[in-house]
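> Build the 3D model from these lines:
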Amino acid sequence: MARKKKLSREDEDEVVNHMQRQKPELNINTVSINFKCKTENQKKFINLIKEKVIVIGAGYAGTGKTFLSCAEALRLIKTEPQYRRIMLVKSVTVLKGEEVGFLKGTLDEKLSPFMESFKDNFTKLIGKALTDQLETQGIIQVQPLTYLRGRTIDNTIIIVDEAQNISYDNMKTILTRIGENSKIIIIGDQRQVDLKNKKESCLAWLAEKFKTNNHFGVTEFLKEDQVRNPIISVIEDMFDELPPTIS
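Numbering: from 1, shown residues only. Prediction:
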């Protein structure tokens with residue numbers, strides 16, 4: 001039997017180059033961003049994001065607020081050239097009885113656990129590889145509230161999550177950072193405030209103010225909008241029955 005000829009180094013390089021050329025380029029423009037609204041309030045929320053510069057989506061957990069925000073932000077990045085990046089802003093407020101100061105690592109490493117919900121949604125929509133690539137390229141960015149003051153943010157879709165844990169002063173800081181060709185999407189659930197002083201939460205007040213001003217858009221997500229898992233509604237009802245001294 002004839003011995004198989006060994007490839008030269010040049011031939012091996014050519015084979016590798018050929019295989020790389022055959023692989024489709026990983027690019028936001030080459031992927032489909034498919035999602036379907038399941039309730040009327042979800043449709044309203046998406047339409048408001050398209051139409052308005054600043055939008056609030058407030059209400060029950062499991063209603064798709066974060067997923068829809070990420071999906072529409074990706075679609076806008078893909079189809080509207082004035083938008084060049086997605087900035088994720090989230091208050092690093094821990095749950096009752098929990099602390100974050102002991103966590104080791106850099107600031108990015110400390111923030112990473114708080115931003116996983118965002119990344120999970122992007123991964124569902126476009127896959128982990130492209131999500132990681134967009135983050136490396138700076139198209140998807142994570143920005144702590146602390147470092148927003150003094151900046152003007154242009155050509156950006158800003159998604160503010162867990163807005164119920166943001167105070168009046170800090171929300172004012174976020175809203176006044178908006179520059180040319182930018183949008184702000186504010187999402188949260190007023191029923192899950194983790195601030196030590198719940199009166200400092202500005203989400204309910206802001207939504208009420210925005211309702212009466214045509215510059216802004218507000219969608220209130222109700223219990224019937226819950227799409228994550230039917231049992232969430234049962235859990236919500238159980239905890240609604242807690243005595244005020246506990247809740």
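> tell me the contacts of the closest residue to residue 91 other than its chain neighbours?
Sequence neighbours aside, residue 165 is the residue nearest to residue 91 in space, at 4.5 Å (criterion: C-beta to C-beta, 6 or more residues apart in numbering). From N, CA and C alone the C-beta is placed, and that goes for glycine too. Residue 165 is in contact with 91, 93, 188, 193, 194, 195, 201, counting by C-beta atoms under 8 Å, 6 or more residues apart in numbering.
> thought the last one was touching residue 189?
No: the pair residue 201 and residue 189 fails to qualify as a contact (C-beta atoms under 8 Å) at a distance of 10.6 Å.
> Spit out the residues that contact those two alike.
residue 164.
> Give me the pLDDT for residue 150.
With respect to pLDDT, residue 150 has a value of 81.
> Below-threshold pLDDT in this protein: ranges please.
1-25, 92-111, 113-114, 229-230, 232-233, 236-237, 240-247 (pLDDT under 70).
> Ignoring the adjacent residues along the chain, who's closest to the residue nearest the centre of the chain?
By C-alpha atoms, centre = their mean, the chain has its centre lying nearest to residue 118, at 4.4 Å. Counting by C-beta to C-beta, 6+ apart, residue 88 is the residue found nearest to residue 118 once chain neighbours are left out, at 4.9 Å.
> cool, residue 127 as well?
Spatially, and ignoring its direct neighbours in sequence, residue 127 is nearest to residue 31 (7.5 Å; C-beta to C-beta, 6+ apart).
> Quick check: that neighbour vs residue 81, distance?
17 Å (C-beta to C-beta, to the nearest Å).
> go on, residue 156?
For residue 156 relative to residue 81 (C-beta to C-beta), the value is 13 Å.
> Can you pick out the residue with more neighbours from those two?
Between residue 156 and residue 81, residue 156 has the larger neighbour count (other C-beta atoms under 10 Å), namely 24 against 9.
> doesn't residue 30 make contact with residue 130?
No: in this structure, residue 130 is not within contact of residue 30 by C-beta under 8 Å, at 9.2 Å.
> residue ranges for the strands of this protein, please.
54-59, 85-90, 140-144, 156-161, 183-188, 216-221 (DSSP state E).
> Format those as TSV; extra columns: distance to residue 125.
Putting the strands of the chain into TSV (distance: least, C-beta to C-beta, whole Å) gives the following:
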stretch	distance to residue 125
strand 54-59	17
strand 85-90	12
strand 140-144	11
strand 156-161	13
strand 183-188	15
strand 216-221	20
